[in-house]
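A.B. asks: Everything below, folded, please.
(chains A and B)
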Amino acid sequence: AQSVAQPEDQVNVAEGNPLTVKCTYSVSGNPYLFWYVQYPNRGLQFLLKYITGDNLVKGSYGFEAEFNKSQTSFHLKKPSALVSDSALYFCAVRGGLTGGGNKLTFGTGTQLKVEL
Amino acid sequence: KAGVTQTPRYLIKTRGQQVTLSCSPISGHRSVSWYQQTPGQGLQFLFEYFSETQRNKGNFPGRFSGRQFSNSRSEMNVSTLELGDSALYLCASRRTSGGYEQYFGPGTRLTVT
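C.D. replies: Numbering: from 1, shown residues only, chains lettered A, B, ... in the order given. Reported below is the predicted structural model:
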């Protein structure tokens, strides 16, 4: 069974500072990893994905994520946080071709708060 | 391109009733998945449809069902509603040639009283 852990319920960061939202995963086979963001009363917006290739992936709104196979991690990062980045962030994993189909398993979410 | 649309956006039902939620995927996307989001359980996978066939199902009781039409639009139905079914129901679509990421609609907020 696949699983995702987001160890921090909330992350606070000052505007202009770098931010990191942590994610670790467990899946059989090669992982397909995703980050989504959710604003209040909205659905999930896709930020970025790792399927294969370069371990550092770049996504929307200046976000990037680093895939680390040995640590089974996929941390979300941004060099300079904005107040408008404040939202709920979800990490998700889809099993490889042999496991789980297209089902996404989500972490519990991390509330990011960026303060002036 | 228009995004995933879901109707209705808000719904209030009484215990024991049934409800049908609708989802229109992004044009050209043929895979549709449904998820339930609650404060207690988080985001949970309900089912996935492709080519009018259910391809995958989550761990939900049989009261939860769905279907997909030939135009890829999808509906999900919940019968004999319980208070615990109160949730945000999210539909997501995916193009079936590569990509892998799913695009979500705004959700339907169901409240069961």
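
A.B. asks: Touching the helix or strand of chain B with the lowest mean pLDDT from outside, list them.
C.D. replies: When the helices and strands of chain B are scored by mean pLDDT, DSSP states H and E, strand B:53-57 comes last with a mean of 92. The contact list for strand B:53-57 (Cβ atoms under 8 Å, 6 or more residues apart in numbering or on different chains) reads A:100-103, B:31, B:33, B:45-49, B:66, B:68. For every residue, glycine as well, the C-beta is placed using N, CA and C.

A.B. asks: Just the local confidence number for the closest residue to residue A:17 other than its chain neighbours, please.
C.D. replies: Nearest residue to residue A:17, sequence neighbours excluded (Cβ to Cβ, 6 or more residues apart in numbering or on different chains): residue A:81, at 5.8 Å. For residue A:81, the model assigns a pLDDT of 98.

A.B. asks: ok, residue A:81 - contacts?
C.D. replies: Residue A:81 touches A:13, A:14, A:15, A:16, A:17, A:18, A:19, A:112, A:114, counting by Cβ under 8 Å, 6+ apart.

A.B. asks: Next, it: phi, psi?
C.D. replies: phi -80, psi 150 (degrees, to the nearest 10).

A.B. asks: and what of residue A:42?
C.D. replies: Here residue A:42 shows phi and psi, under degrees, to the nearest 10, equal to phi -130, psi 170.

A.B. asks: and it, what does it touch?
C.D. replies: Contacts of residue A:42 (Cβ under 8 Å, 6+ apart): B:106, B:107.

A.B. asks: Parallel or antiparallel, which strands does the least confident helix or strand of chain B pair with?
C.D. replies: strand B:42-50 (antiparallel) (DSSP bridges).

A.B. asks: so how far is the partner strand off the chain centroid?
C.D. replies: Its chain's C-alpha centre and that of strand B:42-50 lie 7 Å apart, by Cα atoms, centre = their mean, to the nearest Å.

A.B. asks: Next, count neighbours for the nearest residue to residue A:94 once chain neighbours are set aside.
C.D. replies: Excluding the flanking residues, the one nearest residue A:94 by Cβ to Cβ, 6+ apart is residue A:32, at 4.1 Å. Close neighbours of residue A:32, defined as other Cβ atoms under 10 Å in any protein chain shown, add up to 22.

A.B. asks: Any chance of the backbone angles for residue A:32?
C.D. replies: Per degrees, to the nearest 10, the backbone of residue A:32 is at phi -110, psi 120.

A.B. asks: Read off the pLDDT value for it.
C.D. replies: 93.
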